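**Student:** Here is a sequence together with a model predicted from it:
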Amino acid sequence: MKKKTAVSLFSAAVFSLSAVSFMACAQGSDDVGAPEAVQVYMPDGAPALALAKLMNEGGTDAEYHVVDSSTIQVYVTGDAPAADVCVLPVNLASKLLGTGEEYQMLGTVTHGNLYMLSADAQTQYTTETLSALVGKTVGVVQLANVPGLTFKVILNANEIAWQELTNDSSPAADKVNLRAITPDQASPAGGMDCYVVPEPAASVKADKTSLEFVGDLQALYGGEAGYPQAVIVAKNTLIESDGEWLSGFLAELPAAAEWLTETEPATIVNAVSAHLTPGMTPSLSVENLSLTAIQHSGVRFESAASCKAEVNAFLEKLIAVNASAATVVSDAFYYQP
């Protein structure tokens with residue numbers, strides 16, 4: 001009897017151990033088979049506004065990262081790029097990803113957020129009055145990047161000569177004189193006749209100082225939509241392996257602009273701030289995210305198929321200003337569902 005009991009106890013122990021082992025294996029299998037979250041990266045500022053609605057809604061299928069704009073290229077380059085999906089300036093995308101071999105452009109998400117400010121609001125700058133800038137000095141935030149390049153494209157299109165001022169050069173009477181500045185230097189006491197400033201900084205300047213809006217670079221560029229500023233790209237491996245997720249993601253993007261105008265600034269700011277790189281100082285705040293700033297941010301999604309011609313045209317104009325500013329892209333760069 002004792003022997004039978006011992007055997008029974010041993011059998012029960014083996015069964016129990018087997019059950020535990022089976023459950024552990026099953027759990028391990030679930031973990032191994034669980035899909036990894038899609039990694040989405042974007043620069044702080046207007047590009048982050050384009051995805052604020054999705055960040056606010058959350059979900060476990062994607063992880064969002066708002067990073068310093070000067071580092072965005074890090075996440076789409078190297079042997080193992082971290083970004084499955086990334087928002088970046090169109091000219092940078094053309095230079096890094098224009099072959100379409102690793103990433104494809106899904107569409108544009110912002111269409112310009114640059115405005116002209118001046119303490120003298122008597123002249124409103126249009127294509128008819130832009131020549132009034134000749135002989136004046138214009139401070140341009142990010143003169144070497146898309147803001148400055150776009151302003152030069154506009155001046156060239158209107159056959160207005162310009163020069164960049166350095167510490168060793170003096171303003172010319174027969175040219176528009178461009179000087180690189182930071183947003184903080186755009187002020188009534190800044191010593192310049194006019195400033196080109198992106199949103200939301202432009203609205204803050206117009207609200208807090210005597211500077212006033214005197215021009216809209218999107219309107220000066222021409223066309224109904226302005227110019228394509230930031231694009232969204234996806235890794236080819238994601239496109240090939242998870243088309244269903246990508247289709248759902250793309251279907252959400254057109255609603256971003258309306259959501260921004262209907263949502264409290266605090267909700268928008270919190271959605272972006274919750275995904276900031278640790279230690280970063282956010283560019284967006286409840287104080288600077290006015291309705292005007294949101295409307296001026298140019299957030300609007302256009303698919304790659306619908307904006308291909310305008311992107312190609314804009315890149316050609318940037319290259320005409322500075323051959324190293326952008327690169328002609330291949331047809332493979334544009335996503336075709």
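**Tutor:** Perfect, thanks for sending it. Only a predicted model underlies this, so the values are computations on that prediction, with no experimental measurement involved. Residues are numbered from 1 along each chain as shown.

**Student:** Quickly list the domain ranges of this structure.
**Tutor:** Domain ranges of the chain: 38-111+228-333, 120-221, per automatic domain parsing.

**Student:** State the mean pLDDT of the last one.
**Tutor:** It stands for domain 120-221. When pLDDT is averaged along domain 120-221, the result is 95.

**Student:** and that domain, how far apart are its ends?
**Tutor:** With CA to CA, to the nearest Å as the measure, domain 120-221 spans 22 Å from end to end.

**Student:** And for the longest one?
**Tutor:** The separation between the terminal residues of domain 38-111+228-333, taken as CA to CA, is 20 Å.

**Student:** circling back to that earlier point, let's have the domains of the chain in TSV, adding mean neighbour count.
**Tutor:** Backbone N, C-alpha and C define where each C-beta goes, glycine included. Compiled in TSV, the domains of the chain are given as follows (neighbours: other CB atoms under 10 Å):
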stretch	mean neighbour count
domain 38-111+228-333	18
domain 120-221	18
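
**Student:** what sits against the residue positioned nearest the centre of the chain?
**Tutor:** The residue lying closest to the centre of the chain (CA atoms, centre = their mean) is Pro47, at 2.9 Å. Shown in contact with Pro47 (CB atoms under 8 Å, 6 or more residues apart in numbering): Ser69, Val87, Leu88, Val109, Thr110, Ala230.

**Student:** can you tell me how far it sits from Val40?
**Tutor:** The gap separating Pro47 from Val40 is 11 Å, by CB to CB, to the nearest Å.

**Student:** Check Val286 too.
**Tutor:** Taken as CB to CB, the span from Val286 to Val40 is 24 Å.

**Student:** ok, now Ala256?
**Tutor:** Counting by CB to CB - Ala256 and Val40 are separated by 13 Å.

**Student:** re the thing from before, can you confirm the residue nearest to the centre of the chain is in a strand?
**Tutor:** No. Pro47: not assigned to a strand; according to DSSP: H, G, I helix; E, B strand; the rest coil it is helix.

**Student:** ok, back up a step: between the contacts of Pro47, which is nearest Glu199?
**Tutor:** The shortest approach to Glu199 among the contacts of Pro47 belongs to Thr110, at 10.0 Å (CB to CB).

**Student:** Could you double-check that that closest one sits in contact with Ile232?
**Tutor:** No. Using CB atoms under 8 Å, Thr110 is not in contact with Ile232, being 9.7 Å away.

**Student:** Mutual contacts of those two, please.
**Tutor:** By CB under 8 Å, 6+ apart, the residues touching both Thr110 and Ile232 are Ala50.

**Student:** average pLDDT for stretch 84-95?
**Tutor:** 97.

**Student:** Span of it from start to end?
**Tutor:** Stretch 84-95: ends 18 Å apart by CA to CA.

**Student:** Give me the residues contacting stretch 55-72.
**Tutor:** 35, 37-45, 47-48, 51, 54, 75, 85-88, 92, 245, 249, 263, 267-268, 270-272, 274-277, 280.

**Student:** mind checking how far it is from the chain centre?
**Tutor:** Centroid displacement of stretch 55-72 relative to its chain, using CA atoms, centre = their mean, to the nearest Å, is 11 Å.

**Student:** Which parts of this structure are helices?
**Tutor:** 2-33, 46-50, 52-57, 90-97, 146-157, 201-208, 217-221, 236-241, 243-252, 256-262, 265-273, 291-296, 304-321 (DSSP state H).
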